[in-house]
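**Q** got a predicted structure here, sequence first:
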Amino acid sequence: MAAATVVLALTSLLGAGNTQAANKSQFSAYQHGKPVSYLPCGDSPLASRSAALMGGGLDVKPALSWMIEKMAQCSNGSAGRLGNFLVIRAGGNPSYDSYIYKLGPVASVVTIVVPTLDRANDPALEPYVRNAGAIFLTGGDQGDYYNFWKGSLLERVVSEQVKNFGIPVGGTSAGMMILSHFNYIAYPYTIQSFEALANPYKDGSVTLKNDFWTDKTPFLPLMNTVTDSHFDTRDRMGRLVTFLGRVIGDGWAKMGEARAIGVSQETALLMEYPNSKNTGLISVKMWTVANPEVTGAAYILNGTSASSLVVKPGQPLTFTNIAVQKIPAKGEVSNYQITVRSGTLSSTSGSVY
């Protein structure tokens, strides 16, 4: 029988409960396929830890297929069993389910819709996350994710599963932007690059947070990092540079430690490193994939020992000698520097992108 998308009684996935109990549940759940109650590699860790940062727009099929592949690569060299691919969103419908189900071998794709803090604390959602072989956060409004999920059971369990088992994690647009240690929350409105450069504290609208995740970020390479999506299409280099300057100027991270990542639409930055108990330096492999006919890229920004920074309320940003690594989906990696003087961007390559 062909798989179908259905609205589930929330406890039926686990083989318990009844219709009356399900009707009292506080969030919605959908499935495509037949969910299982185990991780693909059981209690064994995966061979690597991985994340897919998708820049928004049409979803990048190769990135989602890669997450499915990674969820079953066990550290002992064996191929794990088919598992559940979990999609988490704050609103909307389960349109991802049948789409992702066709992209690789999975037991099921399950979507949970969690639109309030009360629902994010519903104990009935915990088994969905505990049995997820991969976790993906959809686009939307990262401010909703911050307001609805911060400090919740959902946030804590997602963080624990990624930390303890190396579950592949990913997100697109707002879902990508909430995965990093530092998060831009578009409140009270979305800031444009020219506004942020002219005043990095404009009307309190360059709203950055550093307290969403209990463990700072579920994916270690995104520590001390702020992210942005729809990057070149919406000309967001100026505001991402401002975010980076604010993170450093506000004392959240040092110049040599802070990092910013921007990703183009219909493009995904894939990040992977070996799963090891070694808590020292890790070597992270990063590359990009994109949809056909798309020439997107990921941009990695760092301050340098030669950088100078002036970030004050009411004054244009000055931030010099910012190192940029451009990782295109097609073509070679390139490196250049960006400088901001009195709110004006310039680049050693002739283009900030």
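**A** Yes, it's here.

**Q** mind listing the strands for the stretch 1-150 of the chain?
**A** 6-7, 28-33, 48-54, 84-89, 108-113, 132-137 (DSSP state E, counting those that start in this stretch).

**Q** next: the stretch 201-350 of the chain.
**A** Going by DSSP E, counting those that start in this stretch, the stretch 201-350 of the chain shows strands at 208-209, 225-228, 259-263, 267-274, 285-290, 297-302, 309-310, 318-328, 334-341, 344-347.

**Q** CA atoms only for stretch 299-314, dumped as PDB, please.
**A** Provided in PDB are the C-alpha atoms of stretch 299-314 (Å, rounded to 0.1, in the frame of the first residue of the first chain):
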ATOM      1  CA  TYR A 299      30.100  33.200   3.100                       C
ATOM      2  CA  ILE A 300      32.200  32.700   6.200                       C
ATOM      3  CA  LEU A 301      33.200  36.000   8.000                       C
ATOM      4  CA  ASN A 302      35.900  36.500  10.700                       C
ATOM      5  CA  GLY A 303      37.500  39.400  12.300                       C
ATOM      6  CA  THR A 304      41.300  39.300  12.100                       C
ATOM      7  CA  SER A 305      44.300  40.600  14.100                       C
ATOM      8  CA  ALA A 306      44.400  43.500  11.700                       C
ATOM      9  CA  SER A 307      40.700  44.400  12.300                       C
ATOM     10  CA  SER A 308      39.600  47.600  14.000                       C
ATOM     11  CA  LEU A 309      36.000  48.000  15.200                       C
ATOM     12  CA  VAL A 310      33.900  51.000  16.200                       C
ATOM     13  CA  VAL A 311      30.300  50.000  17.100                       C
ATOM     14  CA  LYS A 312      28.400  52.500  19.000                       C
ATOM     15  CA  PRO A 313      24.700  53.600  19.200                       C
ATOM     16  CA  GLY A 314      23.800  56.400  16.900                       C
END
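
**Q** go through it and flag the buried ones.
**A** In terms of neighbour count (16 or more other CB atoms under 10 Å), stretch 299-314 has its buried residues at Y299, I300, L301, N302, G303, S307, L309, V310, V311. Any C-beta I mention is one placed from the backbone N, CA and C, and that applies to glycine too.

**Q** tabulate those in JSON lines, adding columns for pLDDT and distance to L53.
**A** Below are the buried residues of stretch 299-314 laid out as JSON lines (pLDDT from 0 to 100; distance: CB to CB, whole Å):
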{"residue": "Y299", "pLDDT": "98", "distance to L53": "11"}
{"residue": "I300", "pLDDT": "98", "distance to L53": "11"}
{"residue": "L301", "pLDDT": "98", "distance to L53": "14"}
{"residue": "N302", "pLDDT": "98", "distance to L53": "17"}
{"residue": "G303", "pLDDT": "98", "distance to L53": "21"}
{"residue": "S307", "pLDDT": "98", "distance to L53": "24"}
{"residue": "L309", "pLDDT": "98", "distance to L53": "25"}
{"residue": "V310", "pLDDT": "98", "distance to L53": "30"}
{"residue": "V311", "pLDDT": "98", "distance to L53": "25"}
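
**Q** how near is F27 to V162?
**A** Between F27 and V162 the distance, using CB to CB, to the nearest Å, works out to 20 Å.

**Q** distance from stretch 155-164 to the middle of the chain?
**A** Chain-centre distance of stretch 155-164: 14 Å, with CA atoms, centre = their mean, to the nearest Å.

**Q** buried ones in that stretch, by neighbour count?
**A** E155, R156, V157, V158, S159, E160, Q161, V162, K163.

**Q** out of the strands of the stretch 1-150 of the chain, which gets nearest to T295?
**A** strand 48-54 (16.0 Å; CB to CB).

**Q** relative to Q31, how far out is the nearest residue to L103 once chain neighbours are set aside?
**A** Nearest non-adjacent residue to L103, counting by CB to CB, 6 or more residues apart in numbering: S65, 4.7 Å away. Distance, S65 to Q31, using CB to CB: 20 Å.

**Q** ok, those two, which is more surrounded?
**A** Legend: neighbour count by other CB atoms under 10 Å for S65 and Q31, higher for Q31 (25 against 16).
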